[in-house]
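A.B. asks: Here is my input, please return the structure:
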Amino acid sequence: MSNLLSKLPRFDFVGWFRQPALADVDPRVAHRAITIAKFRAKIYQKGSVILRQAALLSIIAAAIILPEWNSFPAPVLLVPAYLICSKALNARAYREHAFPLLPEAVDDALKFPLKGA
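C.D. replies: This next block holds a predicted model:
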């Protein structure tokens with residue numbers, strides 16, 4: 001069991017490995033199932049791209065509107081703000097669209113044997 005725990009990611013921002021569908025699955029199968037669920041969510045729901053674009057536009061609009069940004073290099077704040085917003089919006093989109101697809105993705109990941117297993 002300790003070998004399985006050592007393979008888990010240290011930072012799980014979205015909460016993939018807290019899902020009940022991945023509770024008793026090998027970490028390599030879990031990674032494959034997560035990839036399948038992400039891919040299907042991106043095919044079925046294209047809303048996360050729109051959310052990221054809206055986040056970028058809102059940050060750019062804030063940079064234009066705020067007058068005190070003229071004396072400070074905007075990329076120092078814009079790039080990290082966009083990355084944080086994008087990460088949060090992607091996590092929200094994955095929770096909303098990919099988590100429901102996870103049990104089916106685990107079944108599909110278990111259908112095919114892993115290389116080297």
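A.B. asks: which residues of the chain fall in strands?
C.D. replies: With strands called from DSSP state E, the chain shows none.
A.B. asks: can you give me the helices for it?
C.D. replies: With DSSP state H, the ranges of helices along the chain come out as 2-6, 27-44, 47-65, 74-93, 102-111.
A.B. asks: Now do the same contact list for residue 30.
C.D. replies: Residues in contact with residue 30, defined by Cβ atoms under 8 Å, 6 or more residues apart in numbering, are 16, 17, 22, 106, 109. In this view, the C-beta of every residue, glycine as well, is placed from N, C-alpha and C.
A.B. asks: Can you pick out the most distant pair from the residues you listed?
C.D. replies: 17 and 109 (14.4 Å; Cβ to Cβ).
A.B. asks: Specify which residue of those two has the higher count of neighbours.
C.D. replies: Shown here are residue 17 and residue 109; by other Cβ atoms under 10 Å, residue 109 has more neighbours (21 against 15).
A.B. asks: Model confidence score at that one, please.
C.D. replies: Per-residue confidence (pLDDT) for residue 109: 90.
A.B. asks: which ones are touching it?
C.D. replies: Contacts of residue 109 (Cβ under 8 Å, 6+ apart): 29, 30, 32, 33, 36.
A.B. asks: Can you select the buried ones from these in PyMOL?
C.D. replies: The buried subset of the contacts of residue 109, as determined by 16 or more other Cβ atoms under 10 Å, is captured in PyMOL by this line:
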select buried, resi 29+30+32+33+36
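A.B. asks: Just send the contacts of residue 109 back as JSON lines, with pLDDT and distance to residue 56 too.
C.D. replies: JSON lines is the format used below for these (pLDDT from 0 to 100; distance: Cβ to Cβ, whole Å):
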{"residue": "29", "pLDDT": "89", "distance to residue 56": "35"}
{"residue": "30", "pLDDT": "89", "distance to residue 56": "31"}
{"residue": "32", "pLDDT": "90", "distance to residue 56": "31"}
{"residue": "33", "pLDDT": "91", "distance to residue 56": "30"}
{"residue": "36", "pLDDT": "90", "distance to residue 56": "28"}
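A.B. asks: any idea which of the contacts of residue 109 is closest to residue 61?
C.D. replies: For the contacts of residue 109, the nearest to residue 61 is residue 36 (36.6 Å; Cβ to Cβ).
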